[in-house]
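Participant: Sharing a model prediction with you, sequence too.
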Amino acid sequence: MVLRHTVVAALAVAGLLTSTTTPAEATTKHGCTVPVIGAICAPQTVVLDGNQLLRTKFAALVGEKTSKTALGNLLKQAKTDLTTGPWSVTTKKQVPPSGDKHDYLSLAPYWWPTTQPTAENPWGCPFVQKDGQRNPIVDEITDHAYRGDAFAAIYRLALAWYYTGDARYAQRAALDLRTWFLDAATKMNPNMNYAQGIPCKVDGRGIGIIEFSYTLSQVVDATAILATGAPGWTNTDQAGMTGWYTQFLTWLRTSKNGTDEAKAQNNHGSFYDMLAAALALGTGQRDLAKTITEAAGPNRIAPQVNTDGYQPAEASRTRSWHYSNFNLVALTRLAQIGKHVGVDLWHYTAPSGATLFKAVDFLIPAATTGQWPYPELDFRPYAALDVLHAAADAGDKAARTALPRVPVEPGGDLYPIRPAAEQLDDISTS
């Protein structure tokens, strides 16, 4: 009823509703988009709740403070996205072992040379691992950074179009999508065979799939948003993206790198499941998405979360705060995917008594006081903000009570207009 009243008010503001026109008639007459307002249909998103996006759209339109403020913060970033990019894997200087620049390429971030490079040993091999210490050489290969810039921009631009109806945002998102995924000259091949390689050791590893973590699922949601009628986004474009997602999911589930990553018992395994489930739902494979999310209770939450919510595999890291939050980005997003297919992962209880709620609540004292008793090279309390939002949305009273006391990330709290957790303490360049 609240949504209907909001829709009525917004359509009236746009001049599309008269005393004899119903909201349903206005929608039928104009399709999913109308002048001024833009989309008036809930997108078939896989992580985000499309109905919630629609409610928020009209709440911002009629001036609701929280939605309007968050949208303003989003648009500040999206306006910059209008003039950056597009990005492509083919612009890197290096050539992957396949000889094809269309293949994604990156190096393991925490591995370092042990000797000075020479003509005979240009990498300074052998390499050794230094957990949490990022080797600056990895940033000389641009695919990882460009992926981050491109996927984030696509997501923001799609949301900006959805909320404002401004065609510029949709058209730029379409350009970025076609450049990275669809155009023959610039597209990425749907695999990660050469992600996080280690010089003189291995060309690529399953662990490198984490570089797409939640960001590719944001792209899936972005294309679902554009599919509600964005100008410049065609059925052919959408079909092309669905085809790319399908091929990538097949690679993810059948390749050695993919099957290696599926076995991981920490955040890597959580993100693998989240990404596979998102791609499955985004390509219409609802049964597969349901199977993955149902299994996440016993396969991910039970072995990764203690009775009190402590995550031992993450808290043992040198970046224990970051990784404790990062794993919950995956698990809370997976719970949102589960909701779309009838799986309630939030209320799964492990034999030990561990739950997703307890894992989130374990972070509350540190997020609100700034004191975290485990190793952390760069503690940022706001890293927990999104996962607390997600838990509060799912009914966690402790999380909801804590939210006003958690610092907001730089750029403002965007959760109200893109309600799903993101990695807020970016360590990709630290």
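Facilitator: On my side now, so go ahead.
Participant: contacting residues around Ala173?
Facilitator: Applying C-beta atoms under 8 Å, 6 or more residues apart in numbering, we find Ala173 in contact with Ala153, Ile154, Leu157, Ala158, Trp161, Ala222, Leu226, Ala230, Trp233. C-beta here means a position set from N, CA and C on the backbone, and glycine is covered the same way.
Participant: quick one: what helix or strand has it in it?
Facilitator: helix 167-177 (DSSP states H and E).
Participant: buried residues in that helix?
Facilitator: Neighbour-count burial for helix 167-177, with 16 or more other C-beta atoms under 10 Å as criterion, is recorded at Arg168, Tyr169, Ala170, Gln171, Arg172, Ala173, Ala174, Leu175, Asp176, Leu177.
Participant: how long is stretch 367-377 end to end?
Facilitator: Taking C-alpha to C-alpha, to the nearest Å, stretch 367-377 runs 16 Å from one end to the other.
Participant: hmm, who's touching that stretch?
Facilitator: With C-beta under 8 Å, 6+ apart as the test, stretch 367-377 has contacts from 132, 315, 317-322, 365-366, 379, 381-385, 388, 402, 405-406, 430.
Participant: so of the residues you listed, which ones are in strands?
Facilitator: Using DSSP state E, the subset of the contacts of stretch 367-377 located in strands is empty.
Participant: Which members of those are classed as buried?
Facilitator: Neighbour counting over these (16+ other C-beta under 10 Å) leaves 132, 315, 317, 319-322, 366, 379, 381-385, 388, 402, 406 as the buried ones.
Participant: what inclination does the host helix or strand of Ala70 have with respect to helix 167-177?
Facilitator: Using DSSP H and E, Ala70 maps to helix 65-81. Per axes from the mean of the first three to the mean of the last three C-alpha atoms, to 10 degrees, the angle that helix 65-81 makes with helix 167-177 is 60 degrees.
Participant: which is the next helix or strand following the worst-scoring helix or strand of the chain on mean pLDDT?
Facilitator: Counting by mean pLDDT, DSSP states H and E, the weakest-scoring helix or strand in the chain turns out to be helix 23-30, with a mean of 40. Going down the chain from helix 23-30, the next helix or strand is strand 33-34, by DSSP H and E.
Participant: and of the contacts of Ala173, the nearest to Thr283?
Facilitator: Of all these, Ala222 has the smallest distance to Thr283: 15.1 Å, by C-beta to C-beta.
Participant: So for the host helix or strand of the closest one, what gets flagged as buried?
Facilitator: For Ala222, the host element (DSSP H and E) is helix 215-226. Buried positions in helix 215-226, judged by neighbour count with 16+ other C-beta under 10 Å: Thr215, Leu216, Ser217, Gln218, Val219, Val220, Asp221, Ala222, Thr223, Ala224, Ile225, Leu226.
Participant: And stretch 171-187, how far out from the chain middle?
Facilitator: Mean-position distance between stretch 171-187 and its chain equals 19 Å (C-alpha atoms, centre = their mean, to the nearest Å).
Participant: again with stretch 333-349
Facilitator: 16 Å.
Participant: I'd like to know the average pLDDT value across that stretch.
Facilitator: Stretch 333-349 comes out with an average pLDDT of 98.
Participant: Could you tell me the end-to-end distance of it?
Facilitator: Per C-alpha to C-alpha, stretch 333-349 runs 18 Å from first to last residue.
Participant: Repeat that for stretch 97-117.
Facilitator: End-to-end distance (C-alpha to C-alpha), stretch 97-117: 20 Å.
Participant: Quick check: mean pLDDT of stretch 206-223?
Facilitator: The average pLDDT for stretch 206-223 rounds to 96.
Participant: ok so, going back, will you turn the buried residues of helix 215-226 into a markdown table that also has distance to Leu54?
Facilitator: Converted to a markdown table, the buried residues of helix 215-226 look like this (distance: C-beta to C-beta, whole Å):
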| residue | distance to Leu54 |
| --- | --- |
| Thr215 | 24 |
| Leu216 | 24 |
| Ser217 | 20 |
| Gln218 | 18 |
| Val219 | 20 |
| Val220 | 18 |
| Asp221 | 14 |
| Ala222 | 16 |
| Thr223 | 17 |
| Ala224 | 13 |
| Ile225 | 11 |
| Leu226 | 15 |
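Participant: contacting residues around Gln77?
Facilitator: With contact set as C-beta under 8 Å, 6+ apart, Gln77 has these partners: Arg156, Gly411.
Participant: And the pLDDT for it?
Facilitator: As predicted, Gln77 sits at a pLDDT of 96.
Participant: same deal with Asp131?
Facilitator: What the model reports for Asp131 is a pLDDT of 84.
Participant: Give me the distance between it and Leu363.
Facilitator: Using C-beta to C-beta, to the nearest Å, Asp131 is found at 21 Å from Leu363.
Participant: Tell me which of the two has more neighbours.
Facilitator: Leu363 (25 against 11; other C-beta atoms under 10 Å).
Participant: Grab the nearest non-local neighbour of that one.
Facilitator: Nearest non-adjacent residue to Leu363, counting by C-beta to C-beta, 6 or more residues apart in numbering: Ala384, 4.5 Å away.
Participant: for Gly50, same thing?
Facilitator: Spatial nearest neighbour of Gly50, excluding adjacent residues (C-beta to C-beta, 6+ apart): Ala42 at 3.7 Å.
Participant: Could you do Ala227 as well?
Facilitator: Spatial nearest neighbour of Ala227, excluding adjacent residues (C-beta to C-beta, 6+ apart): Gln238 at 5.1 Å.
Participant: does the one you found really touch Ile225, like I thought?
Facilitator: No. Between Gln238 and Ile225 there is no contact under C-beta atoms under 8 Å: 11.1 Å.
Participant: Restricted to helices, list the contacts of Ala173.
Facilitator: In this view, these that belong to helices under DSSP state H are Ala153, Ile154, Leu157, Ala158, Trp161, Ala222, Leu226.
Participant: quick one: which of these is nearest Ala330?
Facilitator: Using C-beta to C-beta, Ala222 is the member of the ones in helices among the contacts of Ala173 that sits closest to Ala330, with 18.7 Å.
Participant: mind listing what that closest one touches?
Facilitator: So Ala222 contacts Ile154, Tyr155, Leu157, Ala158, Leu159, Ala173, Leu177 (C-beta under 8 Å, 6+ apart).
Participant: With pLDDT and distance to Ala264 added, can I get these in TSV?
Facilitator: Listed next are these as TSV, based on pLDDT from 0 to 100; distance: C-beta to C-beta, whole Å:
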residue	pLDDT	distance to Ala264
Ile154	98	27
Tyr155	98	25
Leu157	98	32
Ala158	98	30
Leu159	98	30
Ala173	98	32
Leu177	98	29
